[in-house]
Each structure stands twice: as C-alpha cells, then as structure tokens.
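Undergrad: Give the three-dimensional model of this entry:
(chains A, B, C and D)
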Number of protein chains: 2
Amino acid sequence: MPATELLPVTDVTACCTPAGRAAMPAGEAEDLARTLKALADPARLRLLSMVAAHDDGEACVCDLTEPLGLAQPTVSHHLKILVDAGFLTRSKRATWAYYRLVPGSLDRVAGLLPAI
Amino acid sequence: MPATELLPVTDVTACCTPAGRAAMPAGEAEDLARTLKALADPARLRLLSMVAAHDDGEACVCDLTEPLGLAQPTVSHHLKILVDAGFLTRSKRATWAYYRLVPGSLDRVAGLLPAI
DNA sequence: GGCAAACATCGACGTTTGTCAATGTTTGTG
DNA sequence: CACAAACATTGACAAACGTCGATGTTTGCC
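TA: Reported below is the predicted structural model:
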C-alpha cells in the first residue's frame, strides 16, 4: 500500500469541520419563521403597539385605520394575520370587532430568540 | 342655539376612543420590521443556529451548504442578509469566509419585542 | 322590512422574496 | 503563469406579499 493512500479522510488544513452540536431542526425553523414573519411588517408592529397602548388594552378597527394611514381592508388583513399567529384575539360586540393582545405572546417569541 | 348642537364631539355609545398613550412611531416600526424580516426565514434561522452550534462558534460556507440543502449562491445570499442585519460577522481567511454570531445581537432584538 | 354602519372577503395589481444556473473574483498551489 | 477551489455577484423566474377598490355579511335602528 503506497503512502499516498494514508490519511485519506481528514485534512487539518481544510475547512468544513463538522458541527459541535446539533442545530435547529428544519420543522422548528419553519414554525419560528412563520411566527416572526407575522411580526416582520411595520404596519403590523404599529397595530400591535396601538392595541397595547389603547385604553383597556382593547381597540376596534375604526380606532386603527385612520392613525395607521391604510385602507380598512388592509387593516383587517393585517389584523387577521396577527390573530392567526396568536398575537391578538378578536371579540365581536355589536357591529364592532375588538382586538386585544394575547398576554405573554410577545414574551414567548422573545424567549425563543436567544436559544437559537 | 338649538339643543341639537350640544355635545357635538364625543359620543359615549360610539367606538373609536382615542389611544391612552403614544404608539410606536412609523420610523421605529420600519427599523424593527427590517430586523425581524432578516430573521423571518427558515433557512436563515438554521444558518444562525448552525453557526452558533459549530466548533469555536465559527463556520465557513462549505460547512453550511450541504447540511442546509441549498445551493451555494443561495447560502451566500442568506449570509449576506444576516451580516447586513447585524447578526453575523464575516472574516475572510485564505479562500474561506468564516461567519460568527454577533454577541448579544439576538438578545437585543428579543428585548425589543416585549416593549411593543 | 329597509337602511346605514362596521367589518370581512374577494379579485386584481405592482413589488418583494427565495431560489438556482452561470459567471466573476480572489487566493493558494504546482 | 496556469489552474483549481471557495465564495460573491448577476440575471432570471416563480411564488409570496402588501395594498386597494368593490362587494358581501352582520348588526342596530327607524
């Protein structure tokens, strides 16, 4: 066996050393990305802030449309995304739809980030 | 002056009460949205995790391409987005480009979320 | 029952995004 | 200097996204 066939696998000068520990699984990454995508929009961040800043922590669509500067269907669209992502709850009373922050929802996603 | 002109502004039965405190300014919302958008992708979350999990907290592109299952230009594209957003640093040695997590960058954005 | 108000849904349109093949650039090596 | 390897950049394309006008649905009120 010639010497050129020795040490065939590892090369200390090469790059590409394997990872030290396991990385985030693909499914978990997709879940977190979906949640973060719901937050990653200026209109939705302001909506969350406006709902939280409102009296009693509750606001209806008509409270949000004018200060946000977007059309009513657009506001409803963003609110639906935030509800589906678990950041807001919707309760309809009379002809109005009131939105509330889900307590701890923002803290929960914030706690996931440093663990990446 | 007829009585119908009294109390013209406020109507207790109506919706649309003004906000209790100031909401997030538009510029601040755009900044945070830009940062969150950099995180809101499964491939980029896994890249951050893989870099952090790697030995010495450092990884080059060739370490990441194969386990991520994406083409090399795509990986470079995602890494550039993470560098521009301030989550990774790039240091080139020889023909390899090594990426590192910026310490505290994830904690900083995590600290902004509960303040919404 | 008819009407108006609040909100959701639909359809359409321009923009942004994620991906890859092809190509360019830089660095070490023979 | 020529060549190969690692990585970045470019161009192209399909899919997803944000926005709005138009329309549908529900509720309270005359």
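Undergrad: residue contacts, the spatially most central residue of chain A?
TA: Central residue check for chain A by Cα atoms, centre = their mean: the C-alpha nearest the mean position is that of A:Leu36, 1.7 Å away. Shown in contact with A:Leu36 (Cβ atoms under 8 Å, 6 or more residues apart in numbering or on different chains): A:Val109, B:Leu36, B:Leu39, B:Ala40. Every C-beta, even on glycine, is put in place using the N, C-alpha and C of the backbone.
Undergrad: ranges for the helices of chain A?
TA: Applying DSSP state H to chain A gives helices spanning A:26-39, A:42-53, A:61-68, A:72-84, A:105-112.
Undergrad: Pick the most buried one from those.
TA: Of the helices of chain A, the one with the most neighbours on average (mean count of other Cβ atoms under 10 Å in any protein chain shown) is helix A:42-53, at a mean of 23.
Undergrad: Is A:Ser76 in contact with A:Cys60, as I believe?
TA: No. Applying Cβ atoms under 8 Å as the test, A:Ser76 and A:Cys60 come out as separate, 11.1 Å apart.
Undergrad: Determine the number of other residues adjacent to the closest residue to the residue nearest to the centre of chain A other than its chain neighbours.
TA: Of all residues not flanking A:Leu36 in the chain, B:Ala40 sits nearest, at 3.8 Å (Cβ to Cβ, 6 or more residues apart in numbering or on different chains). Neighbour count of B:Ala40, defined by other Cβ atoms under 10 Å in any protein chain shown: 20.
Undergrad: got a pLDDT number for B:Ala40?
TA: Note on B:Ala40: pLDDT of 98.
Undergrad: what do you get for A:Cys16?
TA: pLDDT at A:Cys16 comes out at 71.
Undergrad: In contact with it, which residues?
TA: Contacts of A:Cys16 (Cβ under 8 Å, 6+ apart): B:Cys60, B:Cys62, B:Asp63.
Undergrad: Ok, A:Lys37 next?
TA: Contact analysis of A:Lys37 by Cβ under 8 Å, 6+ apart lists B:Lys37, B:Ala40, B:Asp41.
Undergrad: Now with 10 Å, please.
TA: A:Arg44, A:Ile81, A:Ala85, B:Leu36, B:Lys37, B:Leu39, B:Ala40, B:Asp41, B:Pro42 (Cβ atoms under 10 Å, 6 or more residues apart in numbering or on different chains).
Undergrad: Pick the one among those residues closest to A:Arg93.
TA: Nearest to A:Arg93 among these is A:Ile81, at 22.0 Å by Cβ to Cβ.
Undergrad: give the contact list for that closest one.
TA: A:Lys37, A:Ala38, A:Leu39, A:Asp41, A:Ala43, A:Arg44, A:Leu47, A:Phe87, A:Leu88.
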